[in-house]
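A.B. asks: Just need the structure, nothing else, for what follows:
(2 chains)
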Amino acid sequence: MDRNLAAVQLKGITKRFPGLVANDSIDFELKKGEIHALLGENGAGKSTLMNILFGLYQPDEGEIYVNGEKTVIDGAAKAIELGIGMVHQHFKLVQPFTVAENIVLGNEPKKGLSINYKLANEKVRDISERYGLKVDPQVRIKDITVGMQQRVEILKTLYRGAEIVIFDEPTAVLTVQEIEELIEIIRNLAAEGKSIIIITHKLKEVMALADTVTVIRRGKVVRTVSTSETDERKLAELMVGRDVSFQVEKTKNEPGKTVLSVDSLQMKGEQGKQVLNGVSFNVRAGEIVGIAGVDGNGQSELIYAITGMRQVSGGSVKLNDRDLTNKSPRKVSLAGVGHIPEDRHKHGLVLDFTLSENMILGSYFEPEFGRGVFIDYGAMDKLATKLVDEFDVRTSGIHTHARALSGGNQQKAIIARELHSDPDLLIAVQPTRGLDIGAIEYVHKRLVEARNQGKAILLVSFELDELYSLSDRIAVMYEGAIMGEVDAVHRDDQQLGLMMAGNRPERSHLEKRG
Amino acid sequence: MDTFKKIFVKSSVGIPLAAIVLGLLFGAIVMLAGGYDPILAYTSLVQMLFGSPYDIGEAIRAITPLIFTGLAVAFAFRTGLFNIGVEGQFMMGMTGATLVGVGLELPWYLHAPLAVITGALFGGIWAGIAGYLKAKRGVNEVISSIMLNWIALFLSNFIVAKFLVQQGQQKTPDVHDSARLSMDWLVGLMGNARMHWGTFVAIICVVVFYVLLWRTKQGFELRAVGHNPDAALYAGMNVKGTLVKSMFISGIFAGLGGVFEILGVFGYQTVMAATWGYGFDGIAVALLGGNTPVGVLLGAILFGGLSYGSAGMNFGADVPQEIVRIVIGSVIFFVASHGIVKFFLKPFLSKRAEKRKEAV
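C.D. replies: Have a look, this model is predicted:
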């Protein structure tokens, strides 16, 4: 092996946490100028390995070579000194500071005792031009988009002289267009001779971007292959350890009576803007109705209105012919509405509660969990044990804090809780956001199962693939109104796209002809 | 990894103790620098605390209100609220107790409980105002409860001066004996130290604090709202109502503290120039105790004990009041900052860990 070609070599890295071997004698090699994807499901050990390389963890065993030299990386400072930079999934930026201030932070060009802002701006402009990363150095972080913030993070590593850049789940927070731009940027960096590692669980990106991919499963390297010699299917199999079905198995189902009927809902936003403008639709028992649309067209508000989180100014919400308009969240949930919220950390779970406590978050007041004013923790634990088992939530115990679970397992826990209450209507908002393939497959299967059992399901998603494979009908939302509905099987993709851009079906129909 | 765990498990007792020692050492250095004898000073401190039954009793008397105010602050903290108005609620509790104790004449089995309940409600309602403002109008409870402290001071003074004060004096007549809650048999036993039932009520409150938060449905709600109000709302909890309840309960703890100062200790209320400071000390006590009920109890004992015993350093070793304050402050500082103490202890602990490893 030619050492000169390897920017980073990890040999036999082992890292143990209590009750878990996160990395089990991992060998990894990053060539100079290469884009190398580190692929694995959540909790496979990718992040641990990269945190070791970035000096945030110390390995229990194994050796690290950077540019052929054996080193001990005992902190992020040392990693930066060695030319290793990391773009974290959750950005570490100071919101009220400008782009340039954030980039030079910790290594500011000085003039006497004060910071030389002019030089800082110039330097930032220099690097940003050199690598084709357009940003304005003088705007404040809080005023720019997430995609731009990510560029600032990349620039930060370059400013500090990084030759090896690690990206941790870089596309998790980006829009489709921003992802394309990012791919372009990463290619540029590689062309400039930087060596890139991308931590991801998204197969499409690996195939589109990386030269080489190392697949990790349960802390061990499964295989390292060149992307030209593999395909998505094979990678998925390596990653999950078994054959993966991308297609959701769904039989035809005859929908029953109407469960949810929403009629001309109106809601005003904070600035007096009409965020819901006469939304009407219904969901019947045994069908999945998908809500499509670009983010920010009133989908969240619609869910708030149905679940009673926010008051509507007009229209009505009925569940099984019972009026639920502007009822409290508790009344709505007791009437038979289950809810898998979009943001599971903010709305779905109390992260500092145990898994067990989270299981009764919406039902702790029921007689089965208490004697008088007291909570019956025994009954709670019994339920949690049952649900953990039934829904295959991987946890070290029911008294583990929800925070300690992986994203997929947190989602499983929420689904378990919501389905256990046996709702007539289940609302699922972005139910697979940030989950890996195995978990996505699982969530999809559970939703279809619930539909087959005769539950009405309202699914909001920004991923068309998900809507296509799960929904029976798809309604398209644009600026607080439903543009129209399409059948999920016999659909017209072009028409759907036009509706998402704000055209009503009749008009688009006419336009097509004229 | 194992040793790592052991250090943490063992340190739950070891670290606070080490912190106290470190604080006392630091205080000793300060005293030496000032030309005072630290050994004599500390001996006098201990003597002041344990020298006679009277002193032990009086130390307990000083600790009791701190348990109440510490619990009050910690309870609100647990629900995500910073109740800085414990001072005012404490005062309202005093005033409520005085009103009933002085103003009414009832048989003892009605009078004392009524005075206690009235005072507790006064405190609870006073805190509830801040909670209500937060829930309905989004007023930050830190701001409103601080302002309510001053309103409580002057409202109490007004009530005392207008309705209760004795001719030509700045204080109310004594509370009727039927409402007094001092423990006369123990007072005699402890050399006339002012012992009262409040100490027992305080310890009951420690238990109530735990049971309420960790054993009841209401407590489940309070903790959920404290950790994540958004998720609590999603789960159908009444978040705003919970905020008001939390403040109300916190205020009851604070009010009870005030009640027993009147019914158990002084027996009358004066027109006050400034607030007592028990409420603010309660913040430090809650911090020391990590907002856990037993922690608050221990924190109150440390804080109250040091405050009471420190007078001895002044008498016995001539240490000026200012330096006594530094000594108390450094002990509190070290106890509150676990990180620093762990840093000091690290060399010892790691050496021990190595030895243990070798032994294996």
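
A.B. asks: Ignoring the adjacent residues along the chain, who's closest to the closest residue to chain A within the stretch 201-350 of chain B?
C.D. replies: Among the residues of the stretch 201-350 of chain B, residue B:236 lies closest to chain A, at 3.3 Å counting by CB to the nearest CB. The way it works is simple: take the backbone N, C-alpha and C, and place the C-beta from them, glycine included. Spatial nearest neighbour of residue B:236, excluding adjacent residues (CB to CB, 6 or more residues apart in numbering or on different chains): residue A:330 at 3.3 Å.

A.B. asks: any idea how far residue B:235 is from residue A:343?
C.D. replies: Computed with CB to CB, to the nearest Å, the distance linking residue A:343 and residue B:235 is 14 Å.

A.B. asks: Residue B:132 too?
C.D. replies: According to CB to CB, residue B:132 stands 23 Å off from residue B:235.

A.B. asks: More neighbours: which of those two?
C.D. replies: Set residue B:132 next to residue B:235 and count neighbours by other CB atoms under 10 Å in any protein chain shown: residue B:235 wins out with 27 against 18.

A.B. asks: Is it correct that that one is in contact with residue B:225?
C.D. replies: No: at 9.9 Å, residue B:235 and residue B:225 do not qualify as touching, with contact defined as CB atoms under 8 Å.

A.B. asks: and residue A:396, how many neighbours?
C.D. replies: Residue A:396 has 12 neighbours, counted by other CB under 10 Å.

A.B. asks: Please list all residues in contact with residue B:287.
C.D. replies: With contact set as CB atoms under 8 Å, 6 or more residues apart in numbering or on different chains, residue B:287 has these partners: B:299, B:336.

A.B. asks: so which strand or helix has it?
C.D. replies: Assigned by DSSP states H and E, residue B:287 belongs to helix B:278-288.

A.B. asks: Counting by contacts, list what the helix or strand following that helix packs against.
C.D. replies: Once helix B:278-288 ends, the next helix or strand along the chain (criterion: DSSP H and E) is helix B:293-317. Counting contacts by 3 or more CB pairs under 8 Å, 6 or more residues apart in numbering or on different chains; DSSP states H and E, helix B:293-317 is packed against helix B:38-50, helix B:53-78, helix B:198-215, helix B:278-288, helix B:321-336.

A.B. asks: So what are the structural domains in chain B, by residue number?
C.D. replies: B:1-36+B:319-360, B:61-314 (automatic domain parsing).

A.B. asks: how would you label residue A:37: helix, strand or coil?
C.D. replies: Under DSSP: H, G, I helix; E, B strand; the rest coil, residue A:37 falls in the strand class.

A.B. asks: hang on, I meant residue A:264
C.D. replies: Recorded secondary structure, residue A:264: strand (three-state DSSP).

A.B. asks: what sits up against stretch B:194-208?
C.D. replies: Contacts with stretch B:194-208, where a contact means CB under 8 Å, 6+ apart, come from B:57-58, B:60-61, B:63-65, B:67-68, B:71, B:116, B:181-183, B:186-187, B:253, B:256-257, B:259-261, B:263-265, B:293-294, B:296-297.

A.B. asks: And for stretch A:364-371?
C.D. replies: Against stretch A:364-371 from outside (CB under 8 Å, 6+ apart): A:360, A:363, A:375, A:376, A:379, A:380, A:383, B:217, B:220, B:221.

A.B. asks: what stretches of the chain score poorly on pLDDT?
C.D. replies: You didn't pick a chain, so chain A it is. Residue ranges of chain A with pLDDT under 70: A:1-4, A:19, A:173, A:175-176, A:244-247, A:506-514.

A.B. asks: ah, I was thinking of chain B
C.D. replies: Applying pLDDT under 70 to chain B flags the ranges B:1-13, B:339, B:345-360.

A.B. asks: Spell out which residues of it are next to chain A.
C.D. replies: B:1, B:5, B:215-221, B:223-224, B:227-228, B:230-238 (CB under 8 Å from any CB of the partner chain).

A.B. asks: now, which of those residues lie within helices?
C.D. replies: B:5, B:215, B:217-221, B:223-224, B:227, B:230-234 (DSSP state H).

A.B. asks: Could you identify the buried members of those?
C.D. replies: Listed as buried from these are B:215, B:217-221, B:223-224, B:227, B:230-234; burial here means 16 or more other CB atoms under 10 Å in any protein chain shown.

A.B. asks: Neighbours of the closest residue to chain B within the stretch 251-400 of chain A, how many?
C.D. replies: Evaluated by CB to the nearest CB, the stretch 251-400 of chain A has residue A:330 as its residue closest to chain B, separated by 3.3 Å. Neighbour count of residue A:330, defined by other CB under 10 Å: 16.

A.B. asks: what's the helix or strand for it?
C.D. replies: Short version, using DSSP H and E: residue A:330 is in helix A:329-334.

A.B. asks: How about residue B:212: what's its closest non-neighbour residue?
C.D. replies: Leaving aside its chain neighbours, residue B:212 sits nearest to residue B:219 (5.0 Å; criterion: CB to CB, 6+ apart).

A.B. asks: Does that neighbour touch residue B:209 like I think?
C.D. replies: No: if you go by CB under 8 Å, residue B:219 and residue B:209 don't touch, sitting 9.5 Å apart.

A.B. asks: which of the domains of chain B is buried the deepest?
C.D. replies: domain B:61-314 (a mean of 22; mean count of other CB atoms under 10 Å in any protein chain shown).

A.B. asks: first vs last residue of that one, how far apart are they?
C.D. replies: Terminal residues of domain B:61-314 lie 20 Å apart, using CA to CA, to the nearest Å.

A.B. asks: Return the distance of it from the chain's centre.
C.D. replies: Domain B:61-314 has its average C-alpha position 9 Å from the chain's average C-alpha position, going by CA atoms, centre = their mean, to the nearest Å.

A.B. asks: Please apply the same query to stretch A:255-271.
C.D. replies: Mean-position distance between stretch A:255-271 and its chain equals 27 Å (CA atoms, centre = their mean).

A.B. asks: can you tell me if it touches chain B.
C.D. replies: No: with CB under 8 Å from any CB as the criterion, chain B is not reached by stretch A:255-271; the gap is at least 13.7 Å.

A.B. asks: Now for the closest residue to residue B:165 other than its chain neighbours: which residues touch it?
C.D. replies: Using CB to CB, 6+ apart and skipping the chain neighbours, the partner closest in space to residue B:165 is residue B:172 (6.0 Å). Residue B:172 makes contact with B:98, B:102, B:160, B:164, B:165, B:166, B:268, B:269, B:270, according to CB under 8 Å, 6+ apart.

A.B. asks: Equivalent analysis for residue B:214, please.
C.D. replies: When contacts are counted by CB under 8 Å, 6+ apart, residue B:214 touches residue B:223.

A.B. asks: The same query, at a cut-off of 10 Å, please.
C.D. replies: Taking CB atoms under 10 Å, 6 or more residues apart in numbering or on different chains as the criterion, residue B:214 is in contact with A:375, A:377, B:78, B:220, B:223, B:293.

A.B. asks: Let's have those residues in CSV, adding distance to residue B:341.
C.D. replies: Shown next, in CSV, are the contacts of residue B:214 (distance: CB to CB, whole Å):
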residue, distance to residue B:341
A:375, 36
A:377, 34
B:78, 24
B:220, 34
B:223, 28
B:293, 23
